[in-house]
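*Asks:* sequence plus the predicted model coming up.
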Amino acid sequence: MALKHIAVSGNIGSGKTTLAEKLSRHYGWTPLYESVDNNPYLRDFYEDMGRWAFHLQIFFLNSRFNQVHQIRQSDNTIIQDRTIYEDAHIFASNLHRSGHISERDYQSYLDIFQSMTNFIQAPDLLIYLKADIPKLVHQIQKRNREFEYNIKLEYLRSLNEHYENWISNYTLGKLLVIDVNQLDFVERVEDFSGIVNKIDLEINNLFSALA
């Protein structure tokens, strides 16, 4: 069985996209990125979460479902920036808990998600980037996206709580947790090499289990 699907998960500003890009170059994997620049709801969402939360989550859910289908149809090994499970268990759940998605809309969303999960497979390896709020804020400010100026600290904290709960109960496949609070895998070669070494170990263990 070939390694088909690696996914990088983590909160906003944790470094998912950057790491996925660097790993794709290092291993020769095909990257699949989150739909941000062509997302018709993201800017509106950060200005008025209550109005646009459900629309945004449906867009992401559909986009991610199509990505998973694309991954399993491809002959390449693909690294994915964020998973469909995060859409449901982190972002939609958080928006529902905070009152931005109504109970009725949330149940409709979960029905769609449950239907989709019958037709998808989890990543062969999930890499979770664990980052505290100061690290996230620094990274968000550093990339300087105008539509992210309205992100509130409480929103990031709540997402982190959901992430920690989800990761602590994750049983869908291989999981590698990387604490990135003290890392700079862009500027420090040794930090990136350390991450690669951990991934190599997980991949070798995965192949051993499949042998």
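*Replies:* In hand now; what should we look at?

*Asks:* longest helix in the chain, by number of residues?
*Replies:* Criterion DSSP state H: the longest helix present in the chain is helix 49-73.

*Asks:* can you give me the buried ones in it?
*Replies:* Judged by neighbour count (16 or more other C-beta atoms under 10 Å), helix 49-73 contains these buried residues: 49, 52-54, 56-61, 63-65, 67-68, 71. Just so you know, the C-beta spots here come from the backbone N, C-alpha and C atoms, and that holds for glycine as well.

*Asks:* closest one of those residues to Glu202?
*Replies:* Nearest to Glu202 among the buried residues of helix 49-73: Ile71, at 18.2 Å, using C-beta to C-beta.

*Asks:* okay, that closest one and Ala122: tell me how far apart.
*Replies:* As defined by C-beta to C-beta, to the nearest Å, Ile71 lies at a distance of 11 Å from Ala122.

*Asks:* over to His96?
*Replies:* Taking C-beta to C-beta, one finds His96 at 23 Å from Ala122.

*Asks:* hey, what's the residue nearest to Ser9 when sequence neighbours are not counted bridged with?
*Replies:* Leaving aside its chain neighbours, Ser9 sits nearest to Tyr128 (4.9 Å; criterion: C-beta to C-beta, 6 or more residues apart in numbering). For Tyr128, the beta-bridge partners are Ser9, Val177 (DSSP bridges).

*Asks:* would you check that Tyr128 makes contact with Leu176?
*Replies:* Yes: using C-beta atoms under 8 Å, Tyr128 makes contact with Leu176 at a distance of 7.1 Å.

*Asks:* looking at the two, which is more packed in?
*Replies:* Taking neighbours as other C-beta atoms under 10 Å, Tyr128 and Leu176 compare with Tyr128 leading, 24 against 17.

*Asks:* and Asp75, how many neighbours?
*Replies:* For Asp75, using other C-beta under 10 Å, the count is 7.

*Asks:* checking my notes, it in a helix, right?
*Replies:* No: Asp75 sits outside any helix when classified using DSSP: H, G, I helix; E, B strand; the rest coil, being coil.

*Asks:* any low-confidence regions in this structure?
*Replies:* By pLDDT under 70, the weakly predicted segments of the chain are 1, 35-37, 147, 149, 207-211.

*Asks:* now do the strands in it.
*Replies:* Assigned by DSSP state E, the strands in the chain fall at 5-10, 30-32, 78-81, 125-130, 174-179.

*Asks:* residues contacting the closest residue to Thr77 other than its chain neighbours?
*Replies:* In space, and not counting its chain neighbours, Thr77 is closest to Trp29: 4.8 Å by C-beta to C-beta, 6+ apart. Going by C-beta atoms under 8 Å, 6 or more residues apart in numbering, Trp29 touches Ile6, Leu23, Asn76, Thr77, Ile78, Ile79.
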